[in-house]
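# sequence first, predicted model second:
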Amino acid sequence: VAKAETPPVAAAVPAKPETTPVAAVSVKPETAPAAKVAAEPAPETKVAAEPAIERSAPSADGPSSTAAGTIPEELPGMQTREVVDAPGGTSSEKPLAAPATRKLARELGIDLTKVSGSGPHGRVTQEDVQKHAEQAVARAQIVKPPVAAASPVSISSPVVAGKPLEERIPLRGVRRTIFHQMARSKQTAAHFTFVEECNVTALKGLRERLRPLAEAEGVKLTFLPFIVKACAAALKRHPILNAAYDEVTDEIVVRYSYNIGVAAATGAGLMVPVVKGADTKSLLEVAQEIQRLSNDAQAGKIARADLVGSTFTITSLGAAGGLFATPILNFPEVAILGVHQIKQKPVVLDGHIVIGDVMLLSLSFDHRIIDGHIGAAFAYEVIRYLENP
């Protein structure tokens, strides 16, 4: 706890909340030329006008630096008389302490009544408050209350007329893997999602022109191969998004192979087949590989080798893609791109408003590893490739 400089301040005598006259306080100087504090004789007690002594609790900003006749905490030869209440009142139980000391206690959450004062007449000093705070921290570190382990929650299954109203599905296989991987990703990575529009009007036209060529090869040409190629190219310019985090060695591993995972919904659950070496394949080869992987996944016969080794993932809900989403990272990857439904919207082209084909891209990345402007730069790089195919 840092020790603050304590300017000379007035001895604080707390005021009573009622309007009862406050008891007189007088200070008897002995040898030092201290400020005089006069008191008139009882029974009518009041504080002398000069010099003034603070009687209200200090403000949050600390003691005032302009109060007249302020008295230092420890003035040689100074004696403090006992506080005497006005008729009908009771003595104050607040400990003696300077305003700066009270402010420090408030900041540290210390109850001054529990602090033993080492100053004159039992006055609590800043050193006393700091020592009390350090002792409290030490006690908290030594004595740790046992934490009860959370008990597993069991859900009862009601039965009406002999028929169950629920079905219990064992958590196993692909669903079990998804269950634990999703939870691990959300609990580990610092997810940050960047969303931007992409005008794919030109891309849509190019796809229409290339579709007959792909069909001649037995390939259905979707927008996904174009997006895979755009991501592979952008990853070369921003390789940190092609990285992974090694928890064992506590290292960021940047990969220079571009294996793009393509999330696919199957009857068994979500799978992520991988297009290996996407940067080295042609557009048609990428389309062929995506089609093969998708067919194998849907048929439930995809090889494990086709489901591992991805360095970056693309997820899409196709026509049901919605406006945008916040994709969850395919841990231990550090970035994932969400592709959404293409919709016709007004766009500005050469100063004119025209109807264009627009979709939103949602890029989620691990903010522990990727700064916001780097993630945004990657997203705009992908958009540039898609808008200018």
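Now that the structure is in, tell me what you want to look at. Note that this is a predicted model, so its numbers are computed, not measured.

# where do the strands sit along the stretch 51-200 of the chain?
Assigned strands in the stretch 51-200 of the chain, in chain order: 79-80, 159-160, 163-164, 191-199 (criterion: DSSP state E, counting those that start in this stretch).

# just name the most buried of those strands.
Most buried of those, by mean neighbour count (mean count of other Cβ atoms under 10 Å): strand 191-199, with a mean of 17. For the C-beta atoms, the positions are set from N, CA and C on the backbone; glycine is no exception.

# strand partners (parallel or antiparallel) of that strand?
Counting by DSSP bridges, the strands paired with strand 191-199 are strand 352-366 (antiparallel).

# quick one: buried residues of the strand it pairs with?
356, 357, 358, 359, 360, 361, 362, 363, 364, 365, 366 (16 or more other Cβ atoms under 10 Å).

# next: stretch 285-300.
For stretch 285-300, a neighbour-count test (16+ other Cβ under 10 Å) marks 285, 286, 287, 288, 289, 290, 291, 293, 294, 296, 297 as buried.

# quick one: the nearest residue to residue 215 once chain neighbours are set aside from residue 186, how far?
If the residues on either side of it in the chain are set aside, residue 215 comes closest to residue 221, at 7.5 Å by Cβ to Cβ, 6 or more residues apart in numbering. Using Cβ to Cβ, to the nearest Å, residue 221 is found at 35 Å from residue 186.

# who's more crowded, these two?
residue 221 (22 against 12; other Cβ atoms under 10 Å).

# how would you label the more buried one: helix, strand or coil?
Counting by DSSP: H, G, I helix; E, B strand; the rest coil, the backbone at residue 221 sits in coil.

# looking at residue 298 now. What's its pLDDT?
In this model, residue 298 is scored at 92, pLDDT.

# ok, it touching residue 265?
No: contact between residue 298 and residue 265 fails when scored by Cβ atoms under 8 Å: they sit 9.1 Å apart.

# got the contact list for stretch 294-308?
262, 264, 266, 267, 268, 271, 272, 273, 274, 293 (Cβ atoms under 8 Å, 6 or more residues apart in numbering).

# surely the residue nearest to residue 215 meets residue 209?
No: counting by Cβ under 8 Å, residue 209 is not a contact partner of residue 221; they are 10.1 Å apart.

# part of a helix, is residue 301?
No: Residue 301: not assigned to a helix; according to three-state DSSP it is coil.

# ok, now how distant is it from residue 262?
17 Å.

# so between those two, which is more surrounded?
residue 262 (25 against 8).

# list the contacts of the nearest residue to residue 372 once chain neighbours are set aside.
In space, and not counting its chain neighbours, residue 372 is closest to residue 192: 6.7 Å by Cβ to Cβ, 6+ apart. If you count contacts by Cβ under 8 Å, 6+ apart, residue 192 has them with 364, 365, 366, 367, 370, 372, 375.

# quick check, residue 325 in a strand?
No: counting by three-state DSSP, residue 325 is not part of a strand but coil.

# and of the buried residues of stretch 285-300, the nearest to residue 182?
Among the buried residues of stretch 285-300, residue 297 lies closest to residue 182 (Cβ to Cβ), at 18.2 Å.

# tell me which element that closest one falls in.
Applying DSSP states H and E as the criterion places residue 297 in helix 283-299.

# and the next helix or strand past that helix?
Next element after helix 283-299 (DSSP H and E): strand 312-316.

# and that next one, average pLDDT?
96.
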